[in-house]
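Visitor: heads up, no residue letters with this:
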């Protein structure tokens, strides 16, 4: 009598080929892969999955899959580098442009249950993401930042730890790179943050550079936490602006929006946030414009309320204050 199947293995993954981007697959046309069923736990849902390992090319390091295919399909990312398969960008950049809210549990509680339930929704579809629903400003942002060509430099060998200590005696025969490690924010990454698109230093650098290119570099005055919207639709109201702001910033709690000052006569508005970090997140999301209705408003950082001598500027009226505050 055959042994009874383990009920806990019902949700474990078995696959014949990994979900990879062109960069991770490498430029070797005759790549050979090793396959190990239930080789390790998924880096996000912790379920055992089929692990693949291969060498993407000459002089490159061996690569391996780090998340299961279910998690890869949910986010439409590569199983190895966790970058978006369509745009080649970190999930935080893509989700910011698409205004996608992360509904997956990020703690150990219920994450395996969530992954099992998502498998039934994934039947017959490659991914649950729909990039077509993005706003035209979001699509333009992804179009400008997308990496369409493979970046094989990402497959280079790891740094030699013995060289960093001054103890490597293998010289040119060493399979690792003889370079000193750089300790910065980009070297502090982890799988859950990269996958869920939160606190990703690579994504933050990409969005900051993009915003600066479009004239939205954060001002040096850290007290400035406001963004100025101009060229709003004539039918816009404070409530409609607030609703659109909340929709376009799914990762920002509505409580982080301190106030919205709308000047209908000038077709402009101030969006005041409670802290600088939230304001920068909004600036990154609205770098290509703030879409409301069928129009795209121009976005700029506000200016300091104090004058050149450190004293507050005089205020004549709310309309004059709103315009002079930003221009």
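Guide: Noted; the coordinates are in hand. Note that the structure is predicted; figures quoted are calculated from it, not measured.
Visitor: so where do the helices sit in the protein?
Guide: 22-25, 69-75, 91-98, 111-121, 136-145, 161-164, 191-196, 201-213, 238-248, 276-285, 318-326 (DSSP state H).
Visitor: now the first one: buried residues?
Guide: It refers to helix 22-25. Buried residues in helix 22-25, counted by 16 or more other Cβ atoms under 10 Å: 23-25. Backbone N, C-alpha and C define where each C-beta goes, glycine included.
Visitor: ok, now which ones touch the residue nearest in space to the middle of the chain?
Guide: Taking Cα atoms, centre = their mean, the centroid of the chain lies closest to residue 92, which sits 1.0 Å from it. Residues near residue 92 by Cβ atoms under 8 Å, 6 or more residues apart in numbering: 197-198, 200, 203-204, 207.
Visitor: what pLDDT is listed against it?
Guide: At residue 92, the model reports a pLDDT of 93.
Visitor: so where's the longest strand in this structure?
Guide: Among the segments of the chain that qualify as a strand by DSSP state E, the longest is strand 33-41.
Visitor: so which elements touch it?
Guide: In terms of contacts (3 or more Cβ pairs under 8 Å, 6 or more residues apart in numbering; DSSP states H and E), strand 33-41 is packed against strand 48-54.
Visitor: direction included, what does the strand it packs on pair against?
Guide: Strand 48-54 sits in its sheet next to strand 33-41 (antiparallel), strand 63-64 (antiparallel), going by DSSP bridges.
Visitor: deepest in the core, which of those is it.
Guide: strand 63-64 (a mean of 20; mean count of other Cβ atoms under 10 Å).
Visitor: from the chain's centroid, how far away is that one?
Guide: Relative to its parent chain, strand 63-64 has a centroid offset of 22 Å by Cα atoms, centre = their mean, to the nearest Å.
Visitor: contacts for that strand?
Guide: By Cβ under 8 Å, 6+ apart, the list of residues contacting strand 63-64 reads 24, 26, 51-56, 80, 155.
Visitor: give me the distance from stretch 93-100 to the chain's centre.
Guide: 7 Å.
Visitor: same check on stretch 179-199?
Guide: 12 Å.
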